[in-house]
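>>> Got a sequence here, can you build the structure:
(2 chains)
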There are 2 protein chains.
Amino acid sequence: MESFQLHPRLEKDSFLVERFDKYQIRLLNDCRWPWLLLIPQQNGLSELHDLTITDQKQFALRTNHCAKAMMQLTKCEKINSGVLGNVVPQLHIHVIARNEGDPNWPNPVWGFETTKPYADRDRDELIAKLRSALT
Amino acid sequence: MESFQLHPRLEKDSFLVERFDKYQIRLLNDCRWPWLLLIPQQNGLSELHDLTITDQKQFALRTNHCAKAMMQLTKCEKINSGVLGNVVPQLHIHVIARNEGDPNWPNPVWGFETTKPYADRDRDELIAKLRSALT
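Presented below is the predicted three-dimensional model:
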């Protein structure tokens, strides 16, 4: 089987949190909102309905599990999740922690102003906490 | 069991397409993009992970089925789907047909400028086509 190739833009803009058999979880490098990406490790996917029925169900459960863990960890008020892929076509699901008064609240975060990268230490701390919360 | 109460804002901004046992599908009254809402008919939900595991799987399959049907019907290039709920907390999933060059492409559609209601005839025609595509 052809090995999975992560889109270079996703590679550049995010950090690996956990890699599983069928998908990986990454942290977007933008400290304005805690923001995860779930990426099925299969080339050529761009829509959720491109997955098999079994994978659609599994992937939904994993996404919702991430959302719940993120909410518990960050104490956020709301999760925003979604699949857009208008810029990067490789299938990736966004799971974002939102709070009243955060940047661009209550509007969506995608494409809003300029990303604000994490300080190395903050990123490492958050990734460690996320790993613990997700398992 | 307490009967389901659709949020007044969702009622006002969209039209019923199909009602099933556990959820309903509605068309958002904004002809800038073909835009469906899937709404589980259960009071007090605001996150996908509030659903039971069985319902999470079912609801994911229904959402993805709607996305595929919408793509086939509208010949759109991309589906944007998501759960935000920052303004209307009642759980509702967006399924939106997107094309290069459409309003606000490639950025998200939520909160973008002013809604453009359907002409009655266009709405009725689209709803009839959607009903047929979804079943």
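>>> Quick check: A:Q72 touching A:L134?
No: proximity of A:Q72 to A:L134 does not meet the contact threshold set by Cβ atoms under 8 Å, at 10.5 Å. No exception for glycine: its C-beta is placed from N, CA and C like everyone else's.
>>> In terms of neighbours, single out the busier of those two.
Higher neighbour count among A:Q72 and A:L134: A:L134, with 18 against 10, using other Cβ atoms under 10 Å in any protein chain shown.
>>> Contact partners for the more buried one?
A:L134 makes contact with A:V17, A:E18, A:I25, A:H65, A:C66, A:A69, according to Cβ atoms under 8 Å, 6 or more residues apart in numbering or on different chains.
>>> Could you report the neighbour count for the closest residue to A:D50 other than its chain neighbours?
In space, and not counting its chain neighbours, A:D50 is closest to A:L91: 6.8 Å by Cβ to Cβ, 6 or more residues apart in numbering or on different chains. If you count neighbours by other Cβ under 10 Å, A:L91 ends up with 21.
>>> Can I get the top helix by length along chain A in PDB? Just the C-alpha atoms.
Longest helix in chain A, counting residues (DSSP state H): helix A:53-74. The C-alpha trace of helix A:53-74 is given here as PDB (Å, rounded to 0.1, in the frame of the first residue of the first chain):
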ATOM      1  CA  ILE A  53     -19.100   3.400   6.200                       C
ATOM      2  CA  THR A  54     -17.100   1.700   9.000                       C
ATOM      3  CA  ASP A  55     -14.500   4.400   8.900                       C
ATOM      4  CA  GLN A  56     -17.100   7.100   8.800                       C
ATOM      5  CA  LYS A  57     -18.600   5.800  12.100                       C
ATOM      6  CA  GLN A  58     -15.200   5.300  13.700                       C
ATOM      7  CA  PHE A  59     -13.900   8.700  12.600                       C
ATOM      8  CA  ALA A  60     -17.100  10.400  14.000                       C
ATOM      9  CA  LEU A  61     -16.600   8.700  17.300                       C
ATOM     10  CA  ARG A  62     -12.900   9.700  17.500                       C
ATOM     11  CA  THR A  63     -13.700  13.300  16.500                       C
ATOM     12  CA  ASN A  64     -16.400  13.600  19.200                       C
ATOM     13  CA  HIS A  65     -14.000  12.000  21.700                       C
ATOM     14  CA  CYS A  66     -11.400  14.600  20.900                       C
ATOM     15  CA  ALA A  67     -14.000  17.400  21.200                       C
ATOM     16  CA  LYS A  68     -15.100  16.100  24.700                       C
ATOM     17  CA  ALA A  69     -11.500  15.800  25.900                       C
ATOM     18  CA  MET A  70     -10.700  19.300  24.600                       C
ATOM     19  CA  MET A  71     -13.700  20.700  26.400                       C
ATOM     20  CA  GLN A  72     -12.800  19.100  29.600                       C
ATOM     21  CA  LEU A  73      -9.100  20.100  29.400                       C
ATOM     22  CA  THR A  74      -9.600  23.700  28.300                       C
END
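>>> any bit of it sitting next to chain B?
Yes: counting by Cβ under 8 Å from any Cβ of the partner chain, chain B has neighbours in helix A:53-74: A:I53, A:Q56, A:K57, A:F59, A:A60, A:L61, A:T63, A:N64, A:H65, A:A67, A:K68, A:M71.
>>> does the residue of chain A found nearest chain B count as helix, strand or coil?
Chain B sits closest to A:G82 of chain A, with a gap of 2.6 Å, by Cβ to the nearest Cβ. Assigned with DSSP: H, G, I helix; E, B strand; the rest coil, A:G82 falls in the strand class.
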